[in-house]
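Student: What follows is a predicted structure for the sequence shown.
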Amino acid sequence: MYIEQLYTNCLSEAAYYIESEGEVAIIDPLRDVAKYIRMAEDRKAHIKYIFETHFHADFVSGHLDLAKKTGAKIIYGPGAQTGFEKYDANDGEVFSLGKLTIKAIHTPGHTLESTCFLLMNEEGKEEAIFTGDTLFVGDVGRPDLFSGNLSKEELAAMLFDSLQKLKQLPDTVKVYPAHGPGSSCGKNLGPNTHSTLGEEKETNYAMKAESKESFIEEVTSGLNTPPAYFPVNASLNQKGYSSLDDVMLEGLKPLSVSAFKSEITEDTIILDTRKATDFTQAFVPGSINIGLEGRFAEWAGSLLSFKSPMLLVTEPGMEEESIIRLTRVGFDQIKGYLQGGMDAWIAAGEKIDMIIDIEADEFGMDINYDQKMLVLDVRKELEFDNGHVQTAVNIPLQSLRDLATIANIDDHDNIYVHCAGGYRSVIASSLLKRQGLHNIRNILGGYEKIKQVPKMPLVAAKELLN
């Protein structure tokens, strides 16, 4: 028996490779499936099953391409209505994998078709359970993402009943969820990516709930608005999508400077995936920066249109990585990339734009005399409430997708933008620039550096409570 968790940090996503006697099952694969195929080939095994725990909302799964390339059977739990061929597992149905068996346990609540897959070892004992978004480390899947006509309270009631099934299993059973910390599929996932049922029974608030009523209240309260791309991804996973090979063939077209310019239309997105510190020095006018070094795919899905054609500017050699990570959240409309990157653009004598970077201590001096200063804090509301610059206006980055929000900002102001560490503020600055606001300064190091500046006028969390 061989089990490997294949974890992707920028999406907080876990896929799983299970092997016995040369037979392989893949659980919740990402869209770029070459690694699973290569892994099986290296181990002289073949992929027999693709188990999907539910219709994922936060990434496009690789089930279709993986099935096409390997002949493996796609398996969903009861009630999964799809636009492609798959096998519907019954609650309690058992599948053989070499000397192992895998049992489907229908656990509706996060979604109606949510199903956990229980792995029994060579001795027939419960070894591990792959819980998808039903049970996380320290949390459970939120019941408001892909619920059809049911309310979040109705789905939460189902989730409570589903967890009772899991509670009947031995404490020693390993818990392998689909997500780890940072995922928006739960409220507050724990720091680890795996656990045991015993640990979750002792520490997970949802597993400790004493009544269905208290569980429903706890699970449905405090839910933030989910990222804008979640419905798009859930629909793609249910109905089907283009082959990744076809998307890559189109997206990996190298474009000369003149060809790149000819592809730009009014609704074209020019996405620059370079590091924030490189982007601010020089970029193609109208570009949006989302750097690969952060939670790239999530921010792209949250802020960019899935309907607009997209052109890429990357660090040379990072074109394929940029496209793969975009396709993981459903971007299929990539029309090519700037060959030679920004060096080629500058060498051709084309116009550039830039964003002024300033250090936190310089911001500290400006704040004392700049009468036109607007301090724009683009962190999340909870981050802002935990401490902020006294005069700051809080507009979370995800809200800047709304043009009405940007319309409230006056270009006559000196706009000083910051986040926590400097990644999100450059994304925000590029969005503001694209909408015609140019009097912008990006504060390097964000709030982490700002709060270290002596005599900086700050509002602390404890003051907000008084």
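Tutor: Okay, I see it.
Student: ok, residue 448 to residue 306 distance?
Tutor: In this structure, residue 448 and residue 306 are 33 Å apart, going by CB to CB, to the nearest Å. The way it works is simple: take the backbone N, C-alpha and C, and place the C-beta from them, glycine included.
Student: Sorry, wrong one. I was asking about residue 355.
Tutor: 26 Å.
Student: ok, these two, which is more surrounded?
Tutor: Using other CB atoms under 10 Å as the criterion, residue 355 and residue 306 rank with residue 355 on top: 22 against 17.
Student: Find the nearest non-adjacent residue to that one, please.
Tutor: Nearest residue to residue 355, sequence neighbours excluded (CB to CB, 6 or more residues apart in numbering): residue 280, at 4.2 Å.
Student: List the contacts of residue 270.
Tutor: 264, 284, 286, 287, 288, 310, 311, 312, 313 (CB atoms under 8 Å, 6 or more residues apart in numbering).
Student: Now do the buried residues in the host helix or strand of residue 416.
Tutor: Using DSSP states H and E, residue 416 maps to strand 414-418. Residues of strand 414-418 classed as buried by neighbour count (16 or more other CB atoms under 10 Å): 415, 416, 417, 418.
Student: Pairing partners for the second one in the sheet, please.
Tutor: When assigned by DSSP bridges, residue 416 has beta-bridge partners residue 375, residue 441.
Student: In contact with it: list those residues for me.
Tutor: Residue 416 sits next to 358, 363, 366, 373, 374, 375, 376, 441, 443 when contact means CB under 8 Å, 6+ apart.
Student: which residues in the stretch 101-250 of the chain form strands?
Tutor: Secondary structure of the stretch 101-250 of the chain by DSSP state E, counting those that start in this stretch: the strands cover 115-120, 126-132, 174-177, 195-196.
Student: Let me have those strands in JSON lines, extended by distance to residue 396.
Tutor: Formatted as JSON lines, the strands of the stretch 101-250 of the chain follow (distance: least, CB to CB, whole Å):
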{"stretch": "strand 115-120", "distance to residue 396": "34"}
{"stretch": "strand 126-132", "distance to residue 396": "28"}
{"stretch": "strand 174-177", "distance to residue 396": "27"}
{"stretch": "strand 195-196", "distance to residue 396": "31"}
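Student: Tell me which stretches of the stretch 51-200 of the chain form helices.
Tutor: Along the stretch 51-200 of the chain, the stretches classed as helices by DSSP state H, counting those that start in this stretch are 63-70, 152-167, 197-203.
Student: neighbours of residue 325, just the number please.
Tutor: Residue 325 sits with 24 neighbouring residues when counted by other CB under 10 Å.
Student: ditto for residue 188
Tutor: Around residue 188 there are 10 residues (other CB under 10 Å).
Student: so what's it up against?
Tutor: By CB under 8 Å, 6+ apart, the neighbours of residue 188 are 138, 139.
Student: any idea which of the buried residues of strand 414-418 is closest to residue 274?
Tutor: Distance to residue 274, by CB to CB, is smallest for residue 417 among those, at 18.1 Å.
Student: which residues does the closest one contact?
Tutor: When contacts are counted by CB under 8 Å, 6+ apart, residue 417 touches 376, 378, 425, 428, 429, 432, 440, 441, 442, 443.
Student: at 10 Å instead, please
Tutor: By CB atoms under 10 Å, 6 or more residues apart in numbering, residue 417 lies in contact with 355, 374-378, 395, 397, 424-429, 431-432, 440-443, 446.
Student: what's the answer for residue 266, then?
Tutor: Taking CB under 10 Å, 6+ apart as the test, what residue 266 contacts is residue 308.
Student: helix or strand for it, which one?
Tutor: Residue 266 belongs to no helix or strand when elements are defined using DSSP H and E.
Student: closest one to residue 332 among the helices of the stretch 51-200 of the chain?
Tutor: Closest to residue 332 of the helices of the stretch 51-200 of the chain is helix 63-70 (CB to CB; 12.8 Å).
Student: Would you indicate which residues of that closest one are buried?
Tutor: Of the residues in helix 63-70, those buried by neighbour count under the rule 16+ other CB under 10 Å are 63, 64, 65, 66, 67, 69, 70.
Student: what about the spatially most distant residue from the centre of the chain, distance to residue 414?
Tutor: Distance from the C-alpha centroid of the chain, by CA atoms, centre = their mean, peaks at residue 369 (40.6 Å). To residue 414, residue 369 is 11 Å away according to CB to CB.
Student: returning to what we had before: looking at the contacts of residue 270, which is nearest residue 324?
Tutor: Nearest to residue 324 among these, with distances taken as CB to CB, is residue 312, at 11.8 Å.
Student: tell me which residues form a beta bridge with that closest one?
Tutor: Beta-bridge pairing for residue 312 (DSSP bridges): residue 271, residue 337.
Student: again, but for residue 388
Tutor: With DSSP bridges as the criterion, residue 388 is bridged to residue 459.
Student: I'd guessed it sits against residue 380; true?
Tutor: No: in this structure, residue 388 is not within contact of residue 380 by CB atoms under 10 Å, at 11.5 Å.
Student: Those two: who's more crowded?
Tutor: Neighbours per residue (other CB under 10 Å) separate residue 388 from residue 380, with residue 388 holding more: 23 against 17.
Student: for residue 164, what are its contacts?
Tutor: The contact partners of residue 164, by CB under 10 Å, 6+ apart, come to 107, 207, 212.
Student: now do residue 131
Tutor: By CB under 10 Å, 6+ apart, the residues touching residue 131 are 53, 105, 107, 110, 114-118, 137, 140-141, 162-163, 166, 175-179, 195, 197, 200.
Student: rerun that using 7 Å as the cut-off
Tutor: 116, 175, 176, 177 (CB atoms under 7 Å, 6 or more residues apart in numbering).
Student: Okay, now the unreliable bits of the stretch 101-250 of the chain?
Tutor: When residues are selected by pLDDT under 70, those of the stretch 101-250 of the chain lie in 147-148.
Student: if we go to 80?
Tutor: Applying pLDDT under 80 to the stretch 101-250 of the chain flags residues 146-148.
Student: Surely residue 437 forms part of a helix?
Tutor: No: looking at residue 437 with DSSP: H, G, I helix; E, B strand; the rest coil, it is coil, so not inside a helix.
Student: Quick check: chain neighbours aside, which residue is closest to it?
Tutor: In space, residue 437 is closest to residue 411, 5.0 Å off (CB to CB, 6+ apart).
Student: dump the residue contacts of residue 92.
Tutor: Residue 92 is in contact with 103, 104, counting by CB under 7 Å, 6+ apart.
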